[in-house]
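1. Curious how this folds, go ahead:
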Amino acid sequence: MKLSKIAATLDAQLVNGSPDTEITGVAGIDDAGPGQLTFVANPKYASAARTTKAAAVIVAQEFPAIPAAMLRSRNPYLAFARAVALFYQAPVYVPGVHPTAVVHPSAKIGKEAHIGPYVVIDESVEIGARAVLLAHVVIYRSAKIGDNFLAHAHSVVREHCILGDGVILQNGAVIGADGFGFAKDDAGRWEKIVQSGPAILGDEVEVQANACIDRASVGWTQVSSGAKIDNLVQVGHGSRVGENTLLCAQAGLAGSTEVGKNVILAGQVGVAGHCRIGDGAIATAQSGIPNDVPAGAVVSGYPAIDNKRWLRCAALFNRLPEIAKALRTGEGKGS
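-> I've put the predicted structure just below:
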């Protein structure tokens with residue numbers, strides 16, 4: 001593909017390069033070679049951009065000149081993501097039902113669906129057009145799913161759950177498993193609380209590998225449109241996740257947590273039950289959140305506090321031994 005066509009497709013400005021240069025693929029900044037396209041979004045890779053063997057580099061509009069051709073973009077990372085899509089040929093699944101699949105006669109499946117080997121679709125299920133269900137996917141009874149559904153192998157949608165259009169479930173994702181609800185009886189034994197409420201996913205939600213969105217005891221669990229749920233994330237029963245929020249790997253929401261729009265919970269963040277995370281908040285990796293977080297806040301540590309304050313505390317923590325020694329020495333002199 002010619003560099004000029006790539007620039008036009010990505011809405012980028014070609015600088016210092018021939019529009020007729022042929023690009024054959026994409027690669028990372030350190031691995032790219034002649035004929036390949038790469039990108040720099042982080043300033044710390046500026047030196048690598050000056051020495052790269054790539055034919056062209058996608059950079060920010062203000063990025064300094066380098067020997068290679070540049071595609072200046074308002075959002076280099078997004079532009080490169082779209083460039084990858086230009087060269088990657090995703091698998092195409094032919095419509096049809098594999099002979100080993102089990103589809104209940106009452107299920108309603110939209111046109112152009114691909115139903116793979118050993119898929120099970122229970123009674124009263126509704127799935128929209130152009131669905132792709134790969135091997136061993138299981139859809140429990142009365143689930144309702146929109147158009148352009150993509151379910152990778154061994155993902156599961158439980159009974160009465162509702163999924164919007166364009167939902168993607170990666171391998172092993174489970175939507176609507178029972179929430180972790182138990183009440184102790186007079187003899188000290190745990191009695192299971194029936195989890196009667198469905199999980200509801202909005203449009204364009206992606207749930208990645210082995211993540212779990214639990215159903216609710218009453219009401220429902222909701223993940224709103226555009227939210228992305230990373231591998232091994234736990235969304236507890238009755239929780240609400242706002243639009244375009246990111247829950248990164250191994251993050252966990254206890255029951256009845258409310259997470260606003262455009263929130264980022266980084267890897268291994270844990271949120272106690274019944275907490276409210278405001279719109280646009282960010283929690284850095286391994287933060288523990290026992291209380292509400294206001295909109296727009298950036299928090300770190302456990303218990304999570306303002307990120308800048310936590311950085312100061314962390315720096316001070318590393319000096320505690322010498323501070324303690326100084327205090328002991330000072331006390332000795334005073335006596």
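2. so residue 257 sits right up against residue 277, yeah?
-> Yes: if you go by CB atoms under 8 Å, residue 257 and residue 277 touch, sitting 7.4 Å apart. The C-beta positions use only the backbone N, C-alpha and C, and glycine is treated the same way.
3. how about stretch 10-23: buried residues?
-> 10, 12, 14-15, 17, 21, 23 (16 or more other CB atoms under 10 Å).
4. again, but for stretch 134-149
-> So for stretch 134-149, counting by 16+ other CB under 10 Å, buried means 134, 136-140, 142-149.
5. Equivalent analysis for stretch 185-204, please.
-> Result for stretch 185-204 [16+ other CB under 10 Å]: buried residues 195, 197-204.
6. ok, and what's touching it?
-> With contacts defined as CB atoms under 8 Å, 6 or more residues apart in numbering, stretch 185-204 is touched by 146, 158-167, 175-176, 178-179, 181-184, 207, 213-227, 237-238, 243.
7. And the residue nearest to residue 103 when sequence neighbours are not counted, what's its pLDDT?
-> Excluding its sequence neighbours, the residue lying closest to residue 103 (CB to CB, 6 or more residues apart in numbering) is residue 121, at 4.6 Å. Residue 121 is assigned a pLDDT of 98 by the prediction.
8. Same check on residue 103?
-> pLDDT at residue 103 comes out at 98.
9. now the one 4 residues further on
-> Residue-level confidence at residue 107 comes out at 98, pLDDT.
10. same deal with residue 280?
-> The score at residue 280 is 98. That number is its pLDDT.
11. same thing with residue 325?
-> Looking at residue 325, its pLDDT reads 87.
12. Can you say which helix or strand has residue 313 in it?
-> helix 307-317 (DSSP states H and E).
13. Give the buried residues for that helix.
-> Going by 16+ other CB under 10 Å, helix 307-317 has these buried residues: 307, 310.
14. Between its first and last residues, how far does stretch 17-33 reach?
-> Criterion CA to CA, to the nearest Å; first-to-last residue distance in stretch 17-33 is 16 Å.
15. dump the residue contacts of residue 72.
-> If you count contacts by CB under 8 Å, 6+ apart, residue 72 has them with 12-13, 15, 59-61, 63.
16. Tell me the confidence at the nearest residue to it once chain neighbours are set aside?
-> Once flanking residues are discounted, residue 72 sits nearest to residue 13: 4.4 Å by CB to CB, 6+ apart. If you check residue 13, the pLDDT there is 95.
17. Quick check: residue 13 touching residue 4?
-> No: look at residue 13 against residue 4 with CB under 8 Å: they stay out of range, at 11.2 Å.
18. Next, count neighbours for the residue nearest to residue 197 when sequence neighbours are not counted.
-> Distances taken as CB to CB, 6+ apart put residue 216 closest to residue 197, at 3.4 Å, once the chain neighbours are dropped. Residues lying near residue 216 (other CB atoms under 10 Å) number 24.
19. got the residue ranges for the helices in the stretch 51-200 of the chain?
-> With DSSP state H, counting those that start in this stretch, the ranges of helices along the stretch 51-200 of the chain come out as 76-87.
20. tell me how far stretch 110-118 is from the chain's mean position?
-> 26 Å (CA atoms, centre = their mean, to the nearest Å).
21. next one: stretch 244-257
-> Distance of stretch 244-257 from the chain centroid (CA atoms, centre = their mean) equals 10 Å.
22. how long is stretch 246-266 from one end to the other?
-> Taking CA to CA, stretch 246-266 runs 8 Å from one end to the other.
23. go on, stretch 87-95?
-> Distance between the two ends of stretch 87-95: 24 Å, counting by CA to CA.
24. what mean pLDDT would you report for it?
-> Mean per-residue pLDDT for stretch 87-95: 93.
25. in that stretch, what counts as buried?
-> Neighbour-count burial for stretch 87-95 flags residue 93 (criterion: 16+ other CB under 10 Å).
26. Please work out which residues outside that stretch touch it.
-> For stretch 87-95, contacts defined as CB under 8 Å, 6+ apart pick out 1, 24-26, 111-114, 116, 132, 134.
27. Kindly supply the ChimeraX command isolating those of those residues that are buried.
-> This is how ChimeraX selects the buried members of the contacts of stretch 87-95, with burial counted by 16+ other CB under 10 Å:
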select :26,113,114,116,132,134
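28. Mind telling me the two of the contacts of stretch 87-95 farthest from one another?
-> Maximum pairwise distance in these, criterion CB to CB, is 36.5 Å, between 24 and 111.
29. returning to what we had before: output the very next helix or strand once past the helix holding residue 313 as CSV, nothing but the C-alphas.
-> Using DSSP H and E, the next helix or strand after helix 307-317 towards the C-terminus is helix 320-334. This file holds the C-alpha atoms of helix 320-334, laid out as CSV (Å, rounded to 0.1, in the frame of the first residue of the first chain):
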residue,chain,number,x,y,z
LEU,A,320,12.0,6.0,57.1
PRO,A,321,15.0,4.1,58.3
GLU,A,322,17.3,7.1,58.1
ILE,A,323,14.7,9.3,59.6
ALA,A,324,14.2,6.9,62.5
LYS,A,325,17.9,6.7,63.0
ALA,A,326,18.2,10.5,63.1
LEU,A,327,15.4,10.6,65.6
ARG,A,328,17.0,8.0,67.9
THR,A,329,20.3,9.8,67.7
GLY,A,330,18.7,13.1,68.5
GLU,A,331,16.9,11.6,71.5
GLY,A,332,20.2,10.2,72.8
LYS,A,333,21.9,13.6,72.6
GLY,A,334,19.0,15.2,74.3
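30. All set now, cheers.
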